[in-house]
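Trainee: Requesting a structural model of the entry that follows:
(2 chains)
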Amino acid sequence: MLKEVIKMDRIEAISQIIDELDQELVVCNIGFPSRELYHLQDHEKNFYMLGSMGLASSIGLGLSLSLLKNAETENQSPRKVVVFDGDGSILMNLGSLVTISAQGPLNLILVVLDNQCYGSTGSQCTYSEEVDLSLLAESAGFETVLVFQEEINFEKALQSKGPVFVHMKVNPGNADVPIIDLNPEEIKYRFMKEIENKL
Amino acid sequence: MNSNQAVYQGMVDAGIDFVVSLPCVNLGEVMKMVECNPQIVHIPVTREEEGLGICAGAFLAGKNPAILMQNSGLGNCVNALASLFELYHLPLLLVMSHRGTLGEKINGQIPMGRATPKILDALNIPYSRPKYPEEALETIVESWEHSMTGGFPVGVLLDNQYW
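Mentor: This next block holds a predicted model:
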C-alpha cells in the first residue's frame, strides 16, 4: 500500500517555486495557473498564456533554444526558462516531450503541476491518474527528472542539467483570484523588452 | 535558379534565422539547405501546432521564425494561429507546399488542398502563390516584411505547378 501523500494547492506550489527564482524567465499555462501566478507576483519576465492550450512547453522550448543561440553568439551564459504546465495541457502535446529531449536545451525547466484534471473547465478528469507523466518524460530521455511530493526543492531543479522535468501532484481546484488585467500586447511587449535588456 | 534555391534564398534574404519543419517531398531539398546553414536554428518537430508554439517562443527571444510544412499541416495549426499568433500579434512566415492542386495524382491530398486557401482566408492570413522561382524569392522576402510590419503570420503557397 502506498503511503497517502498530502498534496499542496497549486497556488502554494507556484508560490514556493517563484520564491526560488531570480533571473529565470517564466512561461505560464493558460487559465487559472496564469491568474494565480499574476496574483502572487506579477513581473515583466512572466509570459502569461491567454490561449493556445497545450503549447506552454513548446513556447518554452523555442525561447530556451533561441536564448542559447543568442548567448553563444554573445559568448555569455544563457538565461534559464521555467515553464509552468499542467497535466491536461502536456497530454495535448506529448510530442513536445520528444522534441525537447532530442534538442536537449540545458536551460529549460518544465514543471508539470498535475492536479489530475482539467481544472479551468470544471475539473473533468485527465488520464494522469492512470499514466505516470514523469515516466513518460524519463522514457523520452529528459536529462533530469525530479518528482516532488510533500516538499519542493526547486534549488535542485535550478542546479540540475537541463532539460529538467519536474513533476508534482497538486490538489484539484483553483484559488479565488481575479482575471489578468493586461492585454496580450502588453504581456508580449514587456516580456520582449525584459529579454532584450538582459540577454 | 531552381525552385528549391529560390525558396531557401528568399528565406535567407528575408533574415529568417529560426525554422521549424515537418517533412514534405517538395520541401525536402529546402530543409536540407536550412539544416546546413549554421546561422539558422533548425528544429524538426513532431506536429505543426507544436512548431508554432516553438516559433512564438523564438520570436519573443528576438528571432525571425518560419515554418516549412505541407498544407495538410495547416489544419493542425488553426487554433495556434488564432489564439496565439493573432492574439499576441506575432509575426511568422508560413512556407507551405500546396498539395492537392491541379496536376495532383494522389486523391487523398485533394480535400485539404481545396480547403487551404479558405482556411487562410478564415484566419485573415494574407498569402501569395508564386508560380516560378524568381517570383518566389521576391515574394518570400516581401511576405516576411509584411508579417513584421503587420504583426501577423503571412503565408506562401507553393503549388504542384511551382515545383
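
Trainee: could you check whether the top helix by length along chain A is close to chain B?
Mentor: Longest helix in chain A, counting residues (DSSP state H): helix A:56-74. Yes. Residues of helix A:56-74 are located near chain B by Cβ under 8 Å from any Cβ of the partner chain, namely A:56-67, A:69-70. For every residue, glycine as well, the C-beta is placed using N, CA and C.

Trainee: quick one: average pLDDT of that helix?
Mentor: For helix A:56-74, mean pLDDT is 96.

Trainee: And for stretch A:87-105?
Mentor: If you average the pLDDT over stretch A:87-105, you get 98.

Trainee: List the buried residues for it?
Mentor: For stretch A:87-105, burial by neighbour count (16 or more other Cβ atoms under 10 Å in any protein chain shown) applies to A:87-91, A:93-101, A:103, A:105.

Trainee: What about chain B: which of these touch it?
Mentor: Restricting the buried residues of stretch A:87-105 to those near chain B - Cβ under 8 Å from any Cβ - leaves A:N93, A:G95, A:S96, A:V98, A:T99, A:Q103.

Trainee: From the residues you listed, which land in helices?
Mentor: When those are checked against helices (DSSP H), the matches are A:G95, A:S96, A:V98, A:T99, A:Q103.

Trainee: which one among these gets closest to chain B?
Mentor: Among those, A:G95 lies closest to chain B (Cβ to the nearest Cβ), at 3.1 Å.

Trainee: How about the contacts made by the closest one?
Mentor: Contacts for A:G95 were tallied using Cβ atoms under 8 Å, 6 or more residues apart in numbering or on different chains; they are B:V45, B:T46, B:R47, B:E50.

Trainee: pretty sure the second one contacts A:V98?
Mentor: Yes. Contact criterion Cβ atoms under 8 Å: B:T46 and A:V98 qualify, at 5.8 Å.

Trainee: Contact residues of chain B facing chain A?
Mentor: Checking chain B against chain A by Cβ under 8 Å from any Cβ, the hits are B:18, B:41, B:43-47, B:49-63, B:65, B:79-80, B:82-84, B:87-90.

Trainee: part of a helix, is A:M168?
Mentor: No. Secondary structure of A:M168 (DSSP: H, G, I helix; E, B strand; the rest coil): strand, not part of a helix.

Trainee: ok, what's across the strand from it?
Mentor: A:L113, A:F148 (DSSP bridges).

Trainee: tell me the contacts of it?
Mentor: If you count contacts by Cβ under 8 Å, 6+ apart, then A:M168 has A:M8, A:A13, A:V111, A:V112, A:L113, A:D114, A:V147, A:F148, A:Q149, A:I152 around it.

Trainee: residues of the longest helix of chain A that come out buried?
Mentor: Residues of helix A:56-74 classed as buried: A:56-70 (neighbour count, 16+ other Cβ under 10 Å).

Trainee: could you measure the residue lying closest to B:R99 once chain neighbours are set aside against B:V95, distance?
Mentor: Leaving aside its sequence neighbours, B:R99 sits nearest to B:Q109 (Cβ to Cβ, 6 or more residues apart in numbering or on different chains; 4.0 Å). Applying Cβ to Cβ, to the nearest Å, the value for B:Q109 to B:V95 is 18 Å.

Trainee: Pick out whichever of the two has more residues nearby.
Mentor: Neighbours were counted for B:Q109 and for B:V95 using other Cβ atoms under 10 Å in any protein chain shown; B:V95 has more, 26 against 18.

Trainee: Between the two ends of stretch A:140-157, how far is it?
Mentor: One end of stretch A:140-157 to the other measures 18 Å (Cα to Cα, to the nearest Å).

Trainee: just stretch A:109-121 next, same as before
Mentor: Terminal-residue distance, stretch A:109-121 (Cα to Cα): 26 Å.
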